[in-house]
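Engineer: Provide a 3D model corresponding to the input given below.
(chains A and B)
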Protein chains: 2
Amino acid sequence: MKNEVLVFGHKNPDTDSICSSIIHAMLDKKNGWETKAVRLGKINKETQYVLDYLGIEPPELIEKVEEGQEVILVDHNEFNQSIEGIEQAKIIGVTDHHKIANFETSEPLYYIAKPYGCTATILFEEYKQWGHTIDKKEAVLMASAIISDTLLLKSPTTTEHDKKALEELVKIAEIDVNEYGLEMLKAGTNLDEFSVEELINLDAKKFEKGDISFVIAQVNTISIEDVLKREKEIKEVISKTIKEKGLSLFVFAITDILNSNSEIIALGEKVEVIRAAFGKALENDKAFLEGVVSRKKQLLPDIDKNM
Amino acid sequence: MKNEVLVFGHKNPDTDSICSSIIHAMLDKKNGWETKAVRLGKINKETQYVLDYLGIEPPELIEKVEEGQEVILVDHNEFNQSIEGIEQAKIIGVTDHHKIANFETSEPLYYIAKPYGCTATILFEEYKQWGHTIDKKEAVLMASAIISDTLLLKSPTTTEHDKKALEELVKIAEIDVNEYGLEMLKAGTNLDEFSVEELINLDAKKFEKGDISFVIAQVNTISIEDVLKREKEIKEVISKTIKEKGLSLFVFAITDILNSNSEIIALGEKVEVIRAAFGKALENDKAFLEGVVSRKKQLLPDIDKNM
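Structural biologist: All right, here's what the predicted structure looks like:
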């Protein structure tokens, strides 16, 4: 295990984390380096749709790394979103599109970050720069990641680079971007069979600021109302999580991917941050945020600033 | 000022920090972005040799940045090696070849790091990737930075990428690499006119590990003996600095660039780290480290590990 360089995305992997790990390992192979894509958690339903479409197996699940293990991180850099043991691993590369925080290395490394909507867009540009052609399977993987992270280019995180990449990729992938994209996104919104515990952890990211820890979790849906049927239970489980993990704030964003809005449920001693961040008071622990779909660009910066 | 993106290297700028700032701004201009190279400290004699050779003025000296100032960092990322106010600046890009530590942003950014011997080598590859030709002046600036950081390719930090870049650059620059390189390096070794205070701060970098701060300073010379004529005074000033800045360790490396060895003077409550790091006890606060010329690759990792 120790001789193999492992490539992985963040915990609670989303479609970008899974697809970009696979793509990174494919790109490495083309460049003569042996790396292996792995994953840090369960494949979500949206990603499963992509894997089923291509008829490929998910990367192997791993839970921790040994000291000195060589690793490449994609789609994240913060240690608290990464694998157990990351502090003692040897990070030789990062490809990411997030802010940099809670990250450090003891040696120089390769680090490619660009402020794009999706990691796969950066990898798309790497393919170009290295002069590699992109085959159909690679195009489906990269296009799916971009569709997922940008919600079909509707998220404010979307850049011209993402648009250009997706435009070229869907041609190679031979997919109708709206048809394939909506099917894929909808596949991820069937939340009924998840327990409330699973629901609030499906895509939960923990952030740290000074001594304070907070979580912003997000689910995509085609009916906010549908998710709110379990509102009471959701709040109970969030309160329990706050207590157990010593969190100052837990924000659960229920995002309507068809209309590009979010309803948030916020609990914790720091809930007043929500009013400062969005100019809107919580009513019954909830607030409807019009036009808000992006954790990275719309939820996190304003919450972080007011923490 | 606020509307202009500033590009700068670390405090106590060396030739790579100055030349790579100038080159970065030149590359940005070719790509249609207006940025301005500035510097955080005095031009050293080695760098002055390069500027005189080209007949160009040094970048403007600045001492701090206002909140929200857009900046691009080259040749460093650690905030304690950067400008006053960096925590409140908006970092939009980094091009660097060091480990990442004491660094964070509140927004996604461009970050290009590669584990090469010199920042200018990364910029050389950027020129290639963007398809820009390199003119004679640009070639002299990049070649000088590579010669400086790799001590004419003799430092263990040197990679194949640095060698390849330098080989191509000296042709465009129309310089004899050994003749020009030695003259340039020697220009930086005339230390007589510096006070001891200046000497230990010429190329001093501060590092932090948990609550501990330590400094590794370095001077290049063609005669270690010559520098040690002021040994007593050097130790007094180091002791004073340790007290004033609350340091746990101060390592002053006197590096013989002709024979590729270093004599170090180490003081501070954590001096036992030196024995653990290099398997050699200090004698009279000094140790001769054969083959050691690189702070980044040879001094820092072993000291850091044993801190």
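
Engineer: let me know the pLDDT of residue A:307.
Structural biologist: Turning to residue A:307, the model gives it a pLDDT of 89.

Engineer: swap that for residue A:188, sorry
Structural biologist: Per-residue pLDDT puts residue A:188 at 88.

Engineer: before we move on, what about the one 3 residues further on?
Structural biologist: Predicted confidence (pLDDT) at residue A:191: the value is 88.

Engineer: what's the neighbour count on it?
Structural biologist: Here the number of neighbours of residue A:191 (other Cβ atoms under 10 Å in any protein chain shown) works out to 18. From N, CA and C alone the C-beta is placed, and that goes for glycine too.

Engineer: from residue A:87, how far off is residue A:68?
Structural biologist: 12 Å (Cβ to Cβ, to the nearest Å).

Engineer: I misspoke; the intended subject was residue A:256.
Structural biologist: 38 Å.

Engineer: neighbour count for the two, which is higher?
Structural biologist: Neighbour comparison, residue A:256 and residue A:87: the larger count goes to residue A:256, with 19 against 11 (by other Cβ under 10 Å).

Engineer: the nearest residue to the more buried one once chain neighbours are set aside: what's it in contact with?
Structural biologist: Using Cβ to Cβ, 6 or more residues apart in numbering or on different chains and skipping residues adjacent in sequence, the residue nearest residue A:256 is residue A:224, 5.3 Å away. Contact analysis of residue A:224 by Cβ atoms under 8 Å, 6 or more residues apart in numbering or on different chains lists A:254, A:256, A:261, A:263.

Engineer: in the sheet, who's paired with the third one?
Structural biologist: Beta bridges link residue A:261 to residue A:256 when assigned by DSSP bridges.

Engineer: any idea how far it is from chain B?
Structural biologist: To chain B, residue A:261 is 23 Å away according to Cβ to the nearest Cβ, to the nearest Å.

Engineer: also the last one?
Structural biologist: Computed as Cβ to the nearest Cβ, the residue A:263 to chain B distance reads 25 Å.

Engineer: secondary structure element holding that residue?
Structural biologist: Here residue A:263 sits within strand A:261-267, counting by DSSP states H and E.

Engineer: swap in the first one?
Structural biologist: Element membership of residue A:254, judged by DSSP H and E, is strand A:249-256.

Engineer: any idea how far chain B is from the residue nearest to residue A:256?
Structural biologist: Distance from residue A:224 to chain B, by Cβ to the nearest Cβ: 27 Å.

Engineer: what of residue A:146?
Structural biologist: Distance from residue A:146 to chain B, by Cβ to the nearest Cβ: 16 Å.

Engineer: which stretches of chain A have low pLDDT?
Structural biologist: A:1-2 (pLDDT under 70).

Engineer: now the helices for it?
Structural biologist: According to DSSP state H, chain A carries its helices in the segments A:15-30, A:45-54, A:119-130, A:136-150, A:160-173, A:177-187, A:196-201, A:224-228, A:231-245, A:272-278, A:300-306.

Engineer: can you redo the ones you listed as TSV with distance to residue B:38?
Structural biologist: Compiled in TSV, these are given as follows (distance: least, Cβ to Cβ, whole Å):
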stretch	distance to residue B:38
helix A:15-30	36
helix A:45-54	46
helix A:119-130	29
helix A:136-150	36
helix A:160-173	29
helix A:177-187	45
helix A:196-201	46
helix A:224-228	50
helix A:231-245	44
helix A:272-278	34
helix A:300-306	27
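
Engineer: determine which of the ones you listed approaches residue A:106 most closely.
Structural biologist: helix A:15-30 (22.5 Å; Cβ to Cβ).

Engineer: helices or strands up against the closest one?
Structural biologist: strand A:5-8, strand A:35-39, helix A:45-54, strand A:70-74, helix A:119-130, helix A:136-150 (3 or more Cβ pairs under 8 Å, 6 or more residues apart in numbering or on different chains; DSSP states H and E).

Engineer: redo those as TSV? Include mean neighbour count and distance to residue B:31.
Structural biologist: Shown next, in TSV, are the helices and strands packed on helix A:15-30 (neighbours: other Cβ atoms under 10 Å in any protein chain shown; distance: least, Cβ to Cβ, whole Å):
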stretch	mean neighbour count	distance to residue B:31
strand A:5-8	25	30
strand A:35-39	21	31
helix A:45-54	19	34
strand A:70-74	24	26
helix A:119-130	21	14
helix A:136-150	26	24
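
Engineer: not counting its neighbours along the chain, what's nearest residue A:16?
Structural biologist: Closest residue to residue A:16 apart from its sequence neighbours, by Cβ to Cβ, 6+ apart: residue A:145 at 4.2 Å.

Engineer: how near is that neighbour to residue B:131?
Structural biologist: For residue A:145 relative to residue B:131 (Cβ to Cβ), the value is 27 Å.

Engineer: now residue A:14: phi and psi?
Structural biologist: phi -100, psi -170 (degrees, to the nearest 10).

Engineer: rewinding a little: out of the contacts of residue A:224, which is most surrounded?
Structural biologist: Neighbour max across the contacts of residue A:224 (other Cβ under 10 Å) = residue A:254, 26 neighbours.

Engineer: next up, the contacts around that one.
Structural biologist: A:218, A:219, A:221, A:224, A:227, A:228, A:262, A:263, A:264, A:265.

Engineer: do the same with residue A:26
Structural biologist: residue A:138 are the contacts of residue A:26 under Cβ under 8 Å, 6+ apart.

Engineer: near chain B, which residues of chain A? Just list them.
Structural biologist: For chain A, the residues in contact with chain B (Cβ under 8 Å from any Cβ of the partner chain) are A:97-116, A:129, A:296, A:301, A:304-305.

Engineer: go through the residues you listed and flag which are in strands.
Structural biologist: A:110, A:111, A:112, A:113 (DSSP state E).

Engineer: how deep is the second one tucked in, by neighbour count?
Structural biologist: Using other Cβ under 10 Å, residue A:111 is surrounded by 25 other residues.

Engineer: in the sheet, who's paired with it?
Structural biologist: Under DSSP bridges, the beta-bridge partners of residue A:111 are residue A:94, residue B:113.

Engineer: is it true that it touches residue A:104?
Structural biologist: No - in this structure, residue A:111 is not within contact of residue A:104 by Cβ atoms under 8 Å, at 11.5 Å.

Engineer: now do the shared contacts for those two.
Structural biologist: residue B:100.

Engineer: quick one: residue A:166 and residue A:151 touch, right?
Structural biologist: No - with contact defined as Cβ under 8 Å, residue A:166 does not count as touching residue A:151 (12.0 Å).

Engineer: before we move on, the earlier item: residue contacts, the residue nearest to residue A:16?
Structural biologist: So residue A:145 contacts A:15, A:16, A:19, A:20, A:23, A:118, A:119, A:120 (Cβ under 8 Å, 6+ apart).

Engineer: just the buried residues from those residues, in ChimeraX please.
Structural biologist: Selecting only the buried entries of the contacts of residue A:145 in ChimeraX, with 16 or more other Cβ atoms under 10 Å in any protein chain shown as the criterion:
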select /A:15,16,19,20,23,118,119,120
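
Engineer: run through who's touching stretch A:152-166.
Structural biologist: Residues contacting stretch A:152-166 (Cβ under 8 Å, 6+ apart): A:114-118, A:120-121, A:124-125, A:142-143, A:146-147, A:149-150, A:177-178, A:181-182, A:185, A:260, A:293-294, A:296-298.

Engineer: which among the ones in strands among the residues of chain A next to chain B count as buried?
Structural biologist: By 16+ other Cβ under 10 Å, those give A:111, A:112, A:113 as buried.

Engineer: tell me the one of the residues you listed nearest residue B:201?
Structural biologist: Residue B:201 has its nearest neighbour among those in residue A:111, at 29.3 Å by Cβ to Cβ.
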